[in-house]
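J.: How does the following fold in three dimensions:
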Amino acid sequence: MENEKEAIIEEYLRNLKITFTTSSFYSKDHPSFLRSVEDFKQKTDEILMTMPAIRVGVTNTALVVDGKEYKKKGMDELAVLLHSRKIKSIEIKRGVSIEEISSFMSFASLRAREILKAGGIVHALGLAKNASLVVEELDYSQLLKDAGEEVKDIWIVLLDHAVNAKDQKKINDLADAFGNVSAKFKVADFNENKDLWGHIEKLMSALKESEKERFQKFNKDIVKLFLREKDICPQDSLKDLEKFTKDMASNELADILMEQMVSNENFDATSFKLLSKFMDKKKQEEVVSSLVEKLKSSDDPEGKQKLNKRITELFLSEDSPISEISRHALGSLLKNIAFESKFAFNRNFLHINYRFILLNLLVSEKDQEMLAQITEALYTEWEKIAQDRDWTYFRNLHEVLTDKIEHEPALKEMFNGLFERIFSVFEEALMLRETIQYQDYFVKVIDFSAKGLDFYLTKIFDEGIIEGDILRLFLKLFPEQTGVFLQRIELKHTDVEFIEKLIAGLKLLDFDQVVGIFESIFNASNEFLKIEVLKAMGSFSESDPEFLFSALTGNGSADLKIEALLIIMRDPELSKRAAKLLLDIPDFWGLKSEKILENIFIVRQAHLKEAGAYLLSLSRNIFFWRRRVKEAAKQVLGEWNV
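T.: Alright, predicted model coming up:
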């Protein structure tokens with residue numbers, strides 16, 4: 001009996017998923033949407049004959065009914081979608097109307113960002129606790145713990161609400177969450193959304209008086225975000241950034257410098273110069289003094305040595321932005337500190353020296369037997385080398401190995417194991433989204449996968465890691481497996497968010513690599529995703545005319561055909577062909593009037609001026625049964641002043 005009940009609930013949840021998916025594809029008045037809602041209402045009435053209400057709980061991995069988790073394929077996807085929309089549970093009671101179901105499905109299937117902007121489902125739909133369809137929403141702060149791509153959009157929307165409501169508790173929570181969320185931000189987000197700067201300034205103002213520690217931490221997080229993209233900070237962004245650095249104490253700036261120099265290998269002279277723009281001579285001296293004190297008080301010999309080296313590189317170079325007096329003073333102090341820790345036993349330092357000795361031996365050695373011994377020594381040391389993620393070393397090693405093989409091809413077999421280890425570390429780091437120095441170099445030189453096909457398929461399709469370089473590597477390293485890749489896409493074709501991310505990743509690749517994949521996605525997808533595919537294809541300078549014409553003349557909507565036509569119109573000859581195809585349609589008896597009217601609408605929206613002659617011909621038609629076509633053509637010609 002219990003199994004029978006669970007089977008009924010499982011079937012009901014499957015119908016909920018189908019209805020939700022359909023709602024995301026079609027507008028509220030579309031026949032497919034209406035039919036789907038009617039079917040779900042019927043299923044709801046049937047299940048409510050056995051119980052007064054059904055309550056569906058939502059976690060970020062499963063749907064829950066009567067304490068049992070349902071997480072089969074499809075249900076887990078629906079759980080993720082509902083969770084991202086702040087839904088903790090849905091309760092549907094006897095007597096629920098088709099209007100209530102329709103309103104809920106239509107609104108809940110919007111993107112999470114749009115729902116949050118509207119204040120959540122309960123607020124937007126005015127759902128009362130005693131209604132027949134009741135939604136319980138998550139505490140907004142729970143969403144900020146997610147690691148998904150939407151967490152940035154969620155943070156921005158919640159910041160907007162918190163600042164406008166002057167809700168200090170939510171402002172505090174958002175400030176606390178920013179350290180985690182900031183990894184999703186780019187400087188471009190601030191340039192494109194000036195309101196965001198205004199809200200952040202209000203947040204800072206709310207923190208400054210009563211939440212000093214939060215204020216300081218948030219300040220640091222903002223500055224670190226900009227240092228991360230120091231090469232692309234436009235002038236306007238620097239002016240905005242100055243607002244956050246001007247009130248920072250010298251020891252706070254020193255803390256940022258310390259942290260970046262120790263933990264961020266990409267923190268370089270450009271990063272330091274960016275930060276130094278906001279320090280006058282007095283503050284420079286204070287920051288230098290604070291750095292030295294922190295360095296002297298450290299009881300970590302390894303950390304001291306590393307930091308001493310970075311400070312020397314950044315502060316004491318000839319083009320250092322700090323004053324000459326500060327450079328001389330700092331140089332003397334660093335020598336004293338270096339002398340104090342010079343003879344401290346440092347096992348890690350020994351490992352680093354040893355690996356560079358092996359690299360130098362590899363460069364100069366020509367005897368194959370000795371080269372084999374050096375290779376074995378590197379294998380023995382490799383676990384520590386891999387842990388340290390020294391990308392400069394990996395690149396140097398790869399270049400040395402490649403150079404030796406060019407001069408002596410017979411060494412390739414001996415060095416294959418080292419190539420495999422280098423590529424394995426790179427592939428692993430790429431999938432973990434680690435910061436990889438020389439990433440473009442490794443993407444270019446890697447010529448086989450150390451991890452294998454299943455590793456990529458699992459990461460891309462099961463874990464949703466879909467960055468451009470990962471897709472680029474898959475297509476480069478497994479060209480014969482494109483069919484398998486397309487099969488996996490077909491299995492995921494109902495997962496709208498996944499396909500959207502995939503399209504965005506494919507846009508970053510070369511046209512020849514992705515055109516076939518785009519066309520497969522197009523053929524397997526719903527109307528919304530077909531349009532997204534065409535928009536993505538429009539970002540390339542190249543095109544596949546025959547595919548575009550098949551989309552233009554197929555069964556898609558007018559919006560879809562407009563997207564295809566916009567790409568076609570980049571070529572004057574193709575534009576003429578499109579105009580003829582759309583409007584030069586024999587139709588003496590007016591049986592194809594609806595089709596021609598739609599095509600007139602399409603050329604009008606796309607401003608296909610090559611259609612002018614055909615529109616002129618249609619506007620002169622004398623038969624009354626083609627009057628609507630004639631008037632439509634005349635209207636477009638009038639708008640175009642033809």
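J.: moving C-terminal of the lowest-mean-pLDDT helix or strand in the chain, what's the next helix or strand?
T.: Among the secondary structure pieces of the chain, namely its helices and strands, helix 324-341 has the lowest mean (mean pLDDT, DSSP states H and E), a mean of 55. Scanning forward in sequence from helix 324-341 by DSSP states H and E, the next helix or strand is helix 347-364.
J.: Tell me the helices and strands packed up against the helix or strand following that next one.
T.: Per DSSP H and E, the first helix or strand lying C-terminal to helix 347-364 is helix 368-388. Applying 3 or more C-beta pairs under 8 Å, 6 or more residues apart in numbering; DSSP states H and E, one finds that helix 368-388 contacts helix 347-364, helix 391-407, helix 412-431. Where C-beta positions appear, they are placed from N, C-alpha and C, glycine not excepted.
J.: just checking, residue 393 touches residue 358?
T.: No: Residue 393 is not in contact with residue 358 according to C-beta atoms under 8 Å; the separation is 10.3 Å.
J.: Specify which residue of those two has the higher count of neighbours.
T.: Applying other C-beta atoms under 10 Å to residue 393 and residue 358 shows that residue 358 carries more neighbours, namely 19 against 16.
J.: In the stretch 1-150 of the chain, where is pLDDT below threshold?
T.: Within the stretch 1-150 of the chain, the segments meeting pLDDT under 70 span 1-2, 112-113, 117, 119, 124, 127-130, 139-150.
J.: and with 50 instead?
T.: Counting by pLDDT under 50, the ranges of the stretch 1-150 of the chain that qualify are 147.
J.: So residue 76 is in contact with residue 60, correct?
T.: No: with contact defined as C-beta under 8 Å, residue 76 does not count as touching residue 60 (9.4 Å).
J.: can you tell me which helix or strand residue 14 belongs to?
T.: Per DSSP H and E, the secondary structure element for residue 14 is helix 2-25.
J.: who does that helix touch, helix- and strand-wise?
T.: helix 31-47, strand 53-58, strand 63-65, strand 68-70, helix 75-84, helix 98-108, helix 527-537.
J.: who touches it?
T.: The contact list for helix 2-25 (C-beta atoms under 8 Å, 6 or more residues apart in numbering) reads 32-33, 36-37, 39-40, 43-44, 47, 50, 54, 56, 63, 65-66, 68, 70, 72, 74-75, 77-78, 81, 105-106, 108-109, 494, 496, 526-528.
J.: again, only this time at 6 Å
T.: Helix 2-25 is touched from outside by 36, 40, 43, 47, 63, 65, 70, 74-75, 78, 105-106, 109, 494, 526, 528, with contacts defined as C-beta atoms under 6 Å, 6 or more residues apart in numbering.
J.: any idea which of the residues you listed has the most stuff around it?
T.: residue 63 (26 neighbours).
J.: Setting aside sequence-adjacent positions, which residue approaches that residue most closely?
T.: Once flanking residues are discounted, residue 63 sits nearest to residue 70: 4.7 Å by C-beta to C-beta, 6 or more residues apart in numbering.
J.: Against residue 533, how distant is that neighbour?
T.: Distance, residue 70 to residue 533, by C-beta to C-beta, to the nearest Å: 32 Å.
J.: What are the boundaries of the helices in the stretch 401-550 of the chain?
T.: Along the stretch 401-550 of the chain, the stretches classed as helices by DSSP state H, counting those that start in this stretch are 412-431, 439-445, 453-457, 468-477, 482-491, 496-506, 511-524, 527-537, 545-553.
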